[in-house]
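Participant: only geometry, no sequence info:
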Ligand code: TYM
């Protein structure tokens, strides 16, 4: 049966990139009759140092963001990764299938490890193996993510294929990435060649899900652009990455086609476009931020939702883990 799985790391606040590239799309899959499983991946977050109190708070905040963007914990399974031990156990099994060279090739590892990669945690290197475990422990068939996760999903397919080949089985599905829409790669507001990221040292480079209307408007006003007027179609923005990014953000926020937006702004400059974009962004984000704050006022209720979700997740994951061990030749006598 088709099944959707996706995850978000609680390693800090969420950005407009996380929202448009992933979160905003999650609720839509709920009503398609496909089972949807959404996870706050706390075990992934700790591959770089997290203050324990901050991790707890961020985990609840990501859970609140899922719900505020329309994920219904009755319709979907919503939980935090560490409450379902099958993820960590399956990751170990996959550590014996995946090759070290595959891990060193991951661009996210290279970016996060930086120059001194010998000093990064062993978990950071093995990160994609845990991600494959997240997905394959549910036999998930499709994974909605932003463009930056594409390489990790290819590795998930490689792990599934190698396991199936090595053990002469077709036990694991070959998962499809779902990278859709106009905001699969939202770029920094300060540099059109870098993705918008929670780890960028410049707060002006991103819109945070917790920013208020004034902060959103100010960041958009100060966003880097060029001095040219807007063209009639997206074709004319091919070599203008900053401008293209802002139009794509507008399109993703409103669901309008980028060319239709440009048809309205053709010949005008950013002095006209930016205030319109700020209005659209505030209108879309304010209700979500408000709902997140409401939910965060009752942390015990969030924890209860995550616990219930973890019970439901475990009921799917545990039998698949046991079957995997059986295939690999491990004795189960209790
Ligand atoms: P994370 O927590 O970095 O990001 C969560 C989601 O947001 C997307 N995203 C973006 N989309 C468009 N533009 C951007 N600038 C942007 N920045 C982030 C990401 O693509 C992602 O969909 N490894 C994953 C978490 C994970 C996972 C999984 C995902 C762990 N296990 C299993 C799917 C399935 C990550 O670091 O996402």
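Facilitator: Thanks, I have it. It should be emphasised that the depicted structure is a prediction, and the values quoted were computed from it without experimental measurement. Residues are numbered from 1 along each chain as shown.
Participant: Touching, residue 272 and residue 278? I think so.
Facilitator: No. The criterion here is CB atoms under 8 Å, and residue 272 misses it with residue 278 at 11.6 Å. All C-beta atoms are positioned from the backbone trio N, CA, C, and that covers glycine.
Participant: Show me the strands in this structure, by range?
Facilitator: Secondary structure of the chain (DSSP state E): strands at 3-8, 35-40, 77-80, 142-144, 176-178.
Participant: could you redo those strands as TSV and give each row mean pLDDT, mean neighbour count and distance to the ligand?
Facilitator: Listed next are the strands of the chain as TSV, based on pLDDT from 0 to 100; neighbours: other CB atoms under 10 Å; distance: least, CB to the nearest ligand atom, whole Å:
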stretch	mean pLDDT	mean neighbour count	distance to the ligand
strand 3-8	98	23	3
strand 35-40	98	25	7
strand 77-80	98	26	12
strand 142-144	98	21	5
strand 176-178	97	16	9
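Participant: before we move on, the earlier item: which of residue 272 and residue 278 has more neighbours?
Facilitator: Shown here are residue 272 and residue 278; by other CB atoms under 10 Å, residue 278 has more neighbours (19 against 14).
Participant: Quick one: residues contacting the more buried one.
Facilitator: 216-217, 220-221 (CB atoms under 8 Å, 6 or more residues apart in numbering).
Participant: Walk me through the domains of this structure.
Facilitator: 3-184+298-328, 211-294 (automatic domain parsing).
Participant: Can you tell me which of those domains is packed in deepest?
Facilitator: Mean neighbour count (mean count of other CB atoms under 10 Å) peaks for domain 3-184+298-328 among the domains of the chain, with a mean of 19.
Participant: measure that domain end to end?
Facilitator: 24 Å (CA to CA, to the nearest Å).
Participant: at contact distance from the ligand, anything in stretch 89-96?
Facilitator: No. Using CB under 6 Å from any ligand atom, stretch 89-96 stays clear of the ligand, coming no nearer than 10.4 Å.
Participant: Now whichever residue of the stretch 51-200 of the chain sits closest to the ligand: closest residue in space, sequence neighbours ignored.
Facilitator: With CB to the nearest ligand atom, the shortest gap between the stretch 51-200 of the chain and the ligand falls at residue 146, namely 2.3 Å. Leaving out its chain neighbours, the residue that sits closest to residue 146 by CB to CB, 6 or more residues apart in numbering is residue 21, at 3.1 Å.
Participant: Kindly provide the distance from the one you found to residue 286.
Facilitator: Counting by CB to CB, to the nearest Å, the gap from residue 21 to residue 286 is 20 Å.
Participant: need the residues of the stretch 101-250 of the chain near the ligand, please.
Facilitator: Residues of the stretch 101-250 of the chain lying near the ligand (CB under 6 Å from any ligand atom): 131, 134-135, 143, 145-146, 148-149, 152, 183-186, 195-196.
Participant: coming back round to it: out of the domains of the chain, flag the one nearest residue 200.
Facilitator: domain 3-184+298-328 (8.8 Å; CB to CB).
Participant: do you know how far the residue nearest to residue 121 when sequence neighbours are not counted is from residue 229?
Facilitator: Of all residues beyond its chain neighbours, the one nearest residue 121 is residue 47 (5.4 Å), with distances taken as CB to CB, 6+ apart. Residue 47 sits 45 Å away from residue 229, taking CB to CB as the criterion.
Participant: what do you get for residue 235?
Facilitator: 15 Å.
Participant: Residue 48 now?
Facilitator: 43 Å.
Participant: what does residue 199 give?
Facilitator: Distance from residue 199 to residue 229, by CB to CB: 34 Å.
Participant: Please look at residue 75 and residue 37 and confirm they touch.
Facilitator: No. Using CB under 8 Å, residue 75 is not in contact with residue 37; the gap is 11.1 Å.
Participant: which ones are touching the residue of the stretch 201-334 of the chain found nearest the ligand?
Facilitator: The ligand sits closest to residue 206 of the stretch 201-334 of the chain, with a gap of 8.3 Å, by CB to the nearest ligand atom. Shown in contact with residue 206 (CB under 8 Å, 6+ apart): 15-17, 188-189, 196-198, 200, 219.
Participant: repeat that with 7 Å
Facilitator: Residues in contact with residue 206 (CB atoms under 7 Å, 6 or more residues apart in numbering) are 15-16, 188-189, 196-197, 200.
Participant: of these, closest to residue 250?
Facilitator: residue 16 (11.6 Å).
Participant: Residue 116 versus the closest one, what's the distance?
Facilitator: Residue 16 is 31 Å from residue 116, by CB to CB.
Participant: cool, residue 315 as well?
Facilitator: 42 Å.
Participant: hang on, isn't residue 141 packed against residue 3?
Facilitator: Yes. With contact defined as CB atoms under 7 Å, residue 141 counts as touching residue 3 (5.6 Å).
Participant: Run through who's touching stretch 156-169.
Facilitator: 94, 97-98, 102, 131-132, 135-136, 170-175, 327-328.
Participant: So what touches stretch 129-145?
Facilitator: Under CB under 7 Å, 6+ apart, the answer for stretch 129-145 is 2-7, 22, 25-26, 29, 37, 39, 41, 43-44, 81, 86-87, 90-91, 94-95, 98, 152-153, 155-156, 159-160, 172-173, 175-179, 316-317, 320-321.
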